[in-house]
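1. fold the following and give me the result.
(one chain, ligands or ions: 1)
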Amino acid sequence: MSPDFAHAAFSMDDFTSVAVTEQQISDKLDQIAAQIREDYEGKEVLLVGVLKGAVMVMADLARRLPPSVEMDWMAVSSYGSGTKSSGVVRILKDLDADLTGRHVLIVEDIIDTGMTLSWLLGNLRSRGAESVEVAALLRKPDAVQVEISVRYVGFDIPSDFVVGYGLDWAEKYRTLPFVAVLKPSVYSED
Ligand code: PRP
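-> Below you'll find the model as predicted:
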């Protein structure tokens, strides 16, 4: 990450710290992509991004993989706001692709409670895919409520309110090139 914020599109005033730098993300995606290329040698991979948070990691991971990989997208939402722990998820936008016989790799920005992925894994596995695995850039081990098998994880982080690199607060901060801890004063003021 550049230490020169003078010309950046953001100020650091809203953050208490940087949790994962742009360089750390880049290096980690290099490692994960190398592992994926090895694990899926000779196989056609369908990357499934979960909107909207996964947009950045999908774009950067996909460009480190062979051009034969395909991308598709889902948008899901927990029923009601603030009720993620119910584990009830509805599909706002479904995949275009038929998963029959496909090697599916779900790409996520973050695993918080794990409820979204737990539901998604069950849903996609029921569609006849040959395999369904997960690549997540971030995971909050202290917040996880359901055990899920995650094949590729970038960083385990504390349960702070983090934004950036796809993660938002009220739809803002998704475009930051790094992951930062949001100052409580930002999300507690109205
Ligand atoms: C975030 C993130 C995951 C989910 C993880 O999405 O992108 O999909 O929450 O949380 P969980 O492990 O507790 O289920 P969010 O619902 O905030 O939507 P967004 O991606 O559009 O920001």
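2. in this structure, which residue is most central in space?
-> Centroid-nearest residue in the chain: Asp109, 1.4 Å away (criterion: C-alpha atoms, centre = their mean).
3. which SSE is it in?
-> Using DSSP states H and E, Asp109 sits within strand 103-111.
4. pLDDT below threshold where in this structure?
-> 1-7, 79-87, 189-190 (pLDDT under 70).
5. tell me, how many residues neighbour the residue lying closest to Trp169 once chain neighbours are set aside?
-> The shortest distance from Trp169 to any non-neighbouring residue, by C-beta to C-beta, 6 or more residues apart in numbering, is to Val163 (5.1 Å). Glycine gets a C-beta too; all of them are placed from N, C-alpha and C. Using other C-beta atoms under 10 Å, Val163 has 24 neighbouring residues.
6. who does Val163 form a beta bridge with?
-> Beta bridges link Val163 to Ala180 when assigned by DSSP bridges.
7. tell me who's in contact with it.
-> Shown in contact with Val163 (C-beta atoms under 8 Å, 6 or more residues apart in numbering): Phe15, Trp169, Lys172, Tyr173, Arg174, Leu176, Val179, Ala180, Leu182.
8. show me where this protein has its strands.
-> Using DSSP state E, the strands of the chain run over residues 15-20, 45-51, 70-78, 89-93, 103-111, 131-139, 152-156, 162-163, 179-182.
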